[in-house]
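Asks: fold the following and give me the result.
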Amino acid sequence: MSFIEKAKAKAEELLGRAEEVYGQSHGDAAAQVAGEAHRLEGEAELEEERAEEAAHRRTRPTDEGGSTAG
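Replies: Coordinates of the predicted model:
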């Protein structure tokens with residue numbers, strides 16, 4: 001995931017949070033649900049990236065001394 005994609009996912013998460021709070025404070029259930037959906041989508045994209053990075057770190061080859069190669 002590129003820096004731009006990470007930024008878009010974080011922006012979507014933050015926009016969702018704002019929309020969710022707006023819905024809660026104004027009694028607008030549709031805005032609250034839409035905001036929650038946006039927030040969860042952004043969080044899922046970021047979590048997917050974290051998992052991919054963790055998997056990448058675990059699969060890096062090591063030399064006999066245990067340090068990472070390359």
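
Asks: from what I see, Arg39 and Gly16 are in contact.
Replies: Yes. Distance between Arg39 and Gly16: 3.1 Å, which falls inside the contact criterion (C-beta atoms under 8 Å). Any C-beta I mention is one placed from the backbone N, CA and C, and that applies to glycine too.

Asks: middle-most residue in this structure, spatially?
Replies: In the chain, the C-alpha closest to the average C-alpha coordinate belongs to Leu46, at a distance of 1.8 Å (C-alpha atoms, centre = their mean).

Asks: what's near enough to touch that one?
Replies: With contacts taken as C-beta atoms under 8 Å, 6 or more residues apart in numbering, Leu46 has the following neighbours: Lys6, Ala9, Lys10, Glu13.

Asks: low pLDDT regions in the protein?
Replies: 60-70 (pLDDT under 70).

Asks: where do the helices sit along it?
Replies: Listed from the start of the chain, the chain has helices (DSSP state H) covering 3-26, 29-58.
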